[in-house]
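Student: pasting the sequence and the predicted coordinates here, then a few questions.
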Amino acid sequence: MSMRFFGFVDTRFKDFDVNPKKIYVGDRVHVEGHLEWHDPICRWFGLDGKTVDIYVGMKKATSVTTEEDGYFSAYITFGSAGKYIVTARYSGDWMYNGTKSSEILVTVVEKEVPTPPPSPYPTVPSWVYIVGAVVGAVGAVSIALAMRR
C-alpha cells in the first residue's frame, strides 16, 4: 500500500487517455497522459521523474515514471472478458499534492470463432451402401452389396 502525502503544490493529470476502449481478451491497451504541477502564476508545467500508478479497478496494474515534460505511457494486457475502469494515480510527496485521473471504461470481449461455411460437397453418412452389378459373358447378372462403416 502506498502512502499519500500532502504537499503544498497542486497537481493534475492532463490528456489522460486509454486506447482502444474495446478489445479482445489477450489484447492490450495503451495508457498515456501528462502529470502537471501548478505554479503560483497560474500556469501548469510537466512534472518529471514522478511515479504514476496505473489501476484497473482497485488493483494496481503497473507503475511508470514521468518524462521531462510529465508524459507517461504504459501498456496493459487484459486476460478475461468484462468491463474495466482504468485510472492513473499520483500519490504525491512532501512538495506536491497527490491526484487521480478521470475514469476510462475499457470493454474486453471474447474473440468470436468464425463458423466455417457449409461444404459444397454432399455429406457422407456413417454407413455407406455400395451396390454393384456386373453382366457376365453369358448374360448372367451378379449383384454385390457391401456395407461399410
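Tutor: Here it is on my side, so go on.
Student: only C-alpha atoms from now on, for both contacts and neighbour counts.
Tutor: OK.
Student: and the strands in this structure?
Tutor: All strands of the chain, identified by DSSP state E, fall at 11-19, 22-24, 28-38, 44-46, 51-56, 59-65, 71-77, 82-90, 99-100, 104-109, 128-135, 141-148.
Student: need those strands in a markdown table with distance to residue 120, can you?
Tutor: Formatted as a markdown table, those follow (distance: least, CA to CA, whole Å):
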| stretch | distance to residue 120 |
| --- | --- |
| strand 11-19 | 42 |
| strand 22-24 | 32 |
| strand 28-38 | 39 |
| strand 44-46 | 63 |
| strand 51-56 | 48 |
| strand 59-65 | 49 |
| strand 71-77 | 41 |
| strand 82-90 | 38 |
| strand 99-100 | 59 |
| strand 104-109 | 32 |
| strand 128-135 | 19 |
| strand 141-148 | 23 |
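Student: residue ranges in this structure under the pLDDT threshold?
Tutor: Across the chain, the ranges flagged by pLDDT under 70 are 1-7, 122-149.
Student: now the strands of the chain in JSON lines, with mean neighbour count?
Tutor: JSON lines is the format used below for the strands of the chain (neighbours: other CA atoms under 10 Å):
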{"stretch": "strand 11-19", "mean neighbour count": "19"}
{"stretch": "strand 22-24", "mean neighbour count": "17"}
{"stretch": "strand 28-38", "mean neighbour count": "20"}
{"stretch": "strand 44-46", "mean neighbour count": "17"}
{"stretch": "strand 51-56", "mean neighbour count": "20"}
{"stretch": "strand 59-65", "mean neighbour count": "15"}
{"stretch": "strand 71-77", "mean neighbour count": "18"}
{"stretch": "strand 82-90", "mean neighbour count": "19"}
{"stretch": "strand 99-100", "mean neighbour count": "18"}
{"stretch": "strand 104-109", "mean neighbour count": "18"}
{"stretch": "strand 128-135", "mean neighbour count": "10"}
{"stretch": "strand 141-148", "mean neighbour count": "10"}
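Student: for residue 118, which of the ones you listed is the nearest?
Tutor: Among these, the nearest to residue 118 by CA to CA is strand 128-135 (21.3 Å).
Student: not counting sequence-adjacent ones, nearest residue to residue 98?
Tutor: residue 92 (3.8 Å; CA to CA, 6 or more residues apart in numbering).
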